[in-house]
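Engineer: Generate a structure from the sequence data that follows.
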Amino acid sequence: MKITAYKCEDTGTVFEHLKDYQNHRTRISRQLKKHSARIEKQAWLNQKWQEMCNAVSTIPELEQWVADNWDVFNENYYLHDYGDRRSKLPNLVEFKVTDYRYCGDEWRLQVLLRLSAETPSFISRYFENCVLKSNSGGGSHTGYNQGFRLDSEKFHVLTTRHLLTQGTV
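Structural biologist: Below you'll find the predicted structure:
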């Protein structure tokens with residue numbers, strides 16, 4: 001008597017029926033494709049965060065970079081599975097630093113952040129795993145007074161310029 005079995009190369013699972021094996025392989029293939037896409041998107045985001053750190057030498061430049069690249073923050077929101085891509089996220093209306101301090105190893109910023117519509121979740125989720133670390137805040141449905149921390153080593157251009165203008169370098 002001959003017994004035919006099908007073994008998945010990725011999981012090691014053995015199947016007696018071809019259809020069960022094919023369904024399993026389809027599911028695994030979809031998961032691997034999604035995982036690969038997430039890795040590529042995270043690499044793209046990391047590149048964008050690095051571009052921001054290298055490009056920003058003043059607080060107004062930071063404000064402008066965020067305004068010009070709000071789509072990057074939307075992609076970051078989607079990457080962390082907080083939103084359904086079919087639902088449109090609100091546009092950025094304003095990103096204005098209202099107060100900032102250089103504290104040696106980090107910058108501390110207070111930001112007025114306004115969106116075109118109510119966000120589907122916490123505003124901090126746009127900044128998860130980002131070089132702009134959201135640490136506190138609150139606000140209405142479309143306007144937020146949000147605190148951020150920036151690593152002074154990552155934002156080396158901003159930090160160096162600040163130290164040069166202060167005469168400490």
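
Engineer: Please point out which parts of the top helix by length along the chain sit buried.
Structural biologist: If you go by DSSP state H, the chain has its longest helix at helix 18-55. By 16 or more other CB atoms under 10 Å, the buried positions in helix 18-55 come out as 21, 24-25, 45, 48-49, 52-53. In this view, the C-beta of every residue, glycine as well, is placed from N, C-alpha and C.

Engineer: got a list of contacts for the next helix or strand after it?
Structural biologist: Toward the C-terminus, helix 18-55 is succeeded by helix 59-68 as the next helix or strand (DSSP states H and E). Contact with helix 59-68 is made by 52, 55-56, 73, 92, 95-97, 100, 109, 132, 158, as judged by CB atoms under 8 Å, 6 or more residues apart in numbering.

Engineer: Buried among the residues you listed? Make that a ChimeraX selection.
Structural biologist: Entered in ChimeraX, the line below selects the buried ones among the contacts of helix 59-68, by 16+ other CB under 10 Å:
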select :52,56,73,92,95,97,100,109,132,158
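
Engineer: Which of the contacts of helix 59-68 sits closest to E118?
Structural biologist: Distance to E118, by CB to CB, is smallest for L92 among the contacts of helix 59-68, at 13.6 Å.

Engineer: Angles on the backbone of the closest one, please.
Structural biologist: phi -80, psi 130 (degrees, to the nearest 10).

Engineer: so who does it touch?
Structural biologist: Counting by CB under 8 Å, 6+ apart, L92 has contacts 66-67, 70, 73, 113-116.

Engineer: do R149 as well
Structural biologist: R149 touches 106-109, 133, 135, counting by CB under 8 Å, 6+ apart.

Engineer: Ranking by neighbours, what's the top pick from the residues you listed?
Structural biologist: W107 (24 neighbours; other CB atoms under 10 Å).

Engineer: Report all helices and strands that the host helix or strand of it contacts.
Structural biologist: Following DSSP H and E, one finds W107 within strand 106-115. Helices and strands touching strand 106-115, by 3 or more CB pairs under 8 Å, 6 or more residues apart in numbering; DSSP states H and E, are strand 92-102, strand 143-151.
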